[in-house]
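[1] Have a look; sequence and predicted model below, questions after that.
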Amino acid sequence: MKQSEMKHPRIDQSSTTKKNAPAPLSPSILTLQRQIGNQAVLQLMGGAKKRVLEEDEYEDEEGTDEVEVKEHITKKVRNLDGAPVTKEQPKPTTMDVEDESEEESEDEATPVLKGKRPGFTTASKRAAFASTSRDPKYGVTIGNYRKPKLKEINGAMPHRMSYNDIRNNAQKLVEGKETAADFNRWTDRFITAGKEKIEKRKQEQAGNDSAGKLKQLIADMEESQRDFISARDKLAANPTDNSVFKAFIKQANSFHANVPDVGPHLGVNNPVQENAHMHVETVEEPQNKSMETEEEGEEKADKTPAPPKLTRRLSIMSSQVRRMSIGRISAYPYDAKGNLITTDGSTVSLDELPEEDRDAIKQHPKKTVKGYDPDFTFGKEE
């Protein structure tokens, strides 16, 4: 909360009020200041606003989910005796949570840029809601993309590569710290993942009752893909054009492969949002050999197939994010036990992942997120 300079108004002998004279403090605030001190009053006022902000952490139902990114500002206030007190503290935002100040990171120097995060595009929202609703593993159905009522299910669209990392890396091109070739190299990973996801949907066999919805889903994914490539190419050619930069940031923030679904918000996505957030799949891999039994010293093949092998692996976009060069990812989020926090709220030991995924993730900074809640809720209560 911004505080303007507070001065005691000087009462003129003529009893006339001077123009632009500062308004007197209310009696209630003055009373509190005398009883508990100026700084305590500021903390109480800040806490009241924070509680209001925490209730507005979900995307607006109409889709205007613009979120102001944190920036550190210097607040100047005055004690009752008129002496200035300077204090630096973060500007509150709609995505701030109480636990963020307690998070530990090995990469505290990662900048959080000024400005507002653009809202998700209609195509990206509709695609994420449709993908989530089609997959029974999520356990939720979102029928109205205009009014998804995500707050009722504690839902959000989690980024795989965080918005903050996307913007920080794009800023390197704008500031001349990287070349267009560098920029194209890491954004190519988005395009590769997007193509793979679109092709996977096209190969999906859908029933007649959902054929229309699947067709719309693919159309939304393709629209997002085209818009991202167009915005990417324009920024690579015109890195100093601010309007071109904003257009790219909007499309990158909404890219269908990077925000492909809905996951738990409070306790999971909210405290993790500035880090790379991986989606880990559990897949069944059929065994080539049938079960074998021994009978009278001879091996005999049983016709019963061996049970499938369960394997944990990164999803399509997560696999591309973990391939990012060192320095492009601010950190990977872990719980207090040292397990990776995933987009669906579960945690996974790196030992459960394939060796190439495990080794790649270990090269990036590690962040222990104290705001993670293993008892998070997601979906409507029965």
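    Done, it's in.

[2] can you pull the contacts of E196?
    Contacts for E196 (Cβ atoms under 8 Å, 6 or more residues apart in numbering) come out as 257, 316. All C-beta spots, glycine's among them, are computed from the backbone N, C-alpha and C.

[3] quick one: it is in a helix?
    Yes: residue state for E196 (DSSP: H, G, I helix; E, B strand; the rest coil) corresponds to a helix.

[4] Check the gap between it and M317 for me.
    Separation of E196 from M317 (Cβ to Cβ, to the nearest Å): 9 Å.

[5] Could you do D359 as well?
    Going from D359 to M317 by Cβ to Cβ gives 19 Å.

[6] how about the helices in the stretch 251-382 of the chain?
    Along the stretch 251-382 of the chain, counting by DSSP state H, counting those that start in this stretch, helices occupy 270-272, 316-321, 355-362.

[7] deepest of the ones you listed, which one?
    Of all these, helix 270-272 carries the top mean neighbour count, a mean of 26, counting by mean count of other Cβ atoms under 10 Å.

[8] can you map out the strands along the stretch 101-250 of the chain?
    104-105, 116-117, 155-156 (DSSP state E, counting those that start in this stretch).

[9] Also the stretch 251-382 of the chain?
    Using DSSP E, counting those that start in this stretch, strands in the stretch 251-382 of the chain cover 263-264, 280-285, 290-295, 298-305, 309-314, 332-334, 340-341, 347-348, 366-368.

[10] pLDDT (mean, whole number) over the first one?
    Yep, that's strand 263-264 we're talking about. Across strand 263-264, the average pLDDT comes to 98.

[11] quick one: strands adjacent to that strand?
    Strand pairing for strand 263-264, using DSSP bridges, gives strand 155-156 (antiparallel).

[12] What average pLDDT does the strand it pairs with get?
    Strand 155-156 shows a mean pLDDT of 97.

[13] Now do that strand: everything it contacts.
    Applying Cβ under 8 Å, 6+ apart, the contact partners of strand 155-156 are 58-59, 140, 142, 148, 150, 262-265, 269-270, 378.

[14] now do stretch 330-340
    105-107, 110, 162, 164-165, 168, 271-272, 274-278, 280, 341, 347-350, 361, 364-370, 372, 374.

[15] follow-up on the earlier one: any chance of the helices of the stretch 251-382 of the chain in TSV, with distance to D227 and mean pLDDT too?
    Formatted as TSV, the helices of the stretch 251-382 of the chain follow (distance: least, Cβ to Cβ, whole Å; pLDDT from 0 to 100):
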stretch	distance to D227	mean pLDDT
helix 270-272	26	97
helix 316-321	17	98
helix 355-362	29	96
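
[16] between these, which gets nearest to A180?
    Proximity to A180 (Cβ to Cβ) singles out helix 316-321 among the helices of the stretch 251-382 of the chain, at 19.7 Å.

[17] what sits against the nearest residue to V259 once chain neighbours are set aside?
    Nearest residue to V259, sequence neighbours excluded (Cβ to Cβ, 6 or more residues apart in numbering): M157, at 4.3 Å. Contacts for M157 were tallied using Cβ under 8 Å, 6+ apart; they are 59, 120, 124-125, 128, 259, 261-263.

[18] same deal with S315?
    Counting by Cβ under 8 Å, 6+ apart, S315 has contacts 278-281.

[19] Quick one: the helices in the stretch 101-250 of the chain, in order.
    Along the stretch 101-250 of the chain, the segments classed as helices by DSSP H, counting those that start in this stretch run 122-134, 150-153, 163-174, 180-203, 211-237, 242-253.

[20] by contact count, what packs against the fifth one?
    The one in question is helix 211-237. If you count contacts as 3 or more Cβ pairs under 8 Å, 6 or more residues apart in numbering; DSSP states H and E, helix 211-237 packs onto helix 122-134, helix 163-174, helix 180-203, helix 242-253.

[21] Any idea which of the strands of the stretch 251-382 of the chain has the lowest pLDDT on average?
    strand 290-295 has the lowest average pLDDT among those, namely a mean of 51.

[22] Domain map for the chain?
    Using automatic domain parsing, the domain parsing of the chain gives 27-96, 116-281+311-368.

[23] winner for burial among those?
    domain 116-281+311-368 (a mean of 19).

[24] show me where pLDDT drops low in the protein?
    1-115, 205-210, 289-303, 381-382 (pLDDT under 70).

[25] 90 instead?
    1-116, 143-145, 203-213, 283-311, 380-382 (pLDDT under 90).

[26] Next, find the distance separating the closest residue to S133 other than its chain neighbours from T282.
    Ranked by Cβ to Cβ, 6+ apart and with sequence neighbours excluded, the top spatial neighbour of S133 is T141, at 4.6 Å. With distances taken as Cβ to Cβ, T141 is found 22 Å from T282.

[27] repeat for S230
    Counting by Cβ to Cβ - S230 and T282 are separated by 36 Å.

[28] One more: Y138?
    Per Cβ to Cβ, Y138 is found 14 Å from T282.
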